[in-house]
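S.K.: generate a structure from the sequence data that follows.
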Amino acid sequence: QVHLVESGGGLVEAGGSLRLSCAASGRTFSNHIMGWFRQAPGKEREFVAAISRSGVNTLYADSVKGRFTISRDNAKNTVFLQTNSLKLEDTAVYFCAAGRGPGYGLESFRRGECDYWGQGTQVTVSS
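M.R.: I've put the predicted structure just below:
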């Protein structure tokens, strides 16, 4: 079992930055691919970023590439999402997720095939 708790969301002006964190419980954190999804009001949940078990490989949605950076600290059971140059369209609830299994990779995560989800943290970008 992995329990995920997000933090770091808030209200920020366009062009600003936020650093989201996701703290995970459980001793198998390093065995999971981790990442982030988001859901804006009236829209479907969408993939944002994912990171491999070792942290070496990452995957980003085109809409955030070059602005967001995902990282993880396996010693602290935490995954981070540094969000820079925020835009109005980045406003959403951001969810942390985790997945693992035979043949499970970053593309599996991108498709939303995740085993565990956090409750989400609100990010609001104002003009």
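
S.K.: quick check: bridge partners of the residue most central in space within the chain?
M.R.: With distances taken as CA atoms, centre = their mean, the chain has residue 36 as the residue nearest its mean C-alpha position (2.0 Å). With DSSP bridges as the criterion, the beta-bridge partners of residue 36 are residue 49, residue 96.

S.K.: next one, pLDDT for it please.
M.R.: pLDDT, the model's per-residue confidence, is 98 for residue 36.

S.K.: residues in contact with it?
M.R.: Contact partners of residue 36, counting by CB atoms under 8 Å, 6 or more residues apart in numbering, are 20, 22, 48, 49, 50, 70, 79, 81, 94, 95, 96, 97. Yep, even glycine has a C-beta here, placed from its N, CA and C like the rest.

S.K.: my read: the fifth one touches residue 34, true?
M.R.: What that stands for is residue 50. Yes. Contact between residue 50 and residue 34 holds when scored by CB atoms under 8 Å: they sit 7.1 Å apart.

S.K.: which of these two has more neighbours?
M.R.: When neighbours are counted by other CB atoms under 10 Å, residue 34 comes out ahead of the other of residue 50 and residue 34, with 33 against 26.

S.K.: which phi and psi does that one have?
M.R.: The phi/psi pair for residue 34 (degrees, to the nearest 10) reads phi -120, psi 160.
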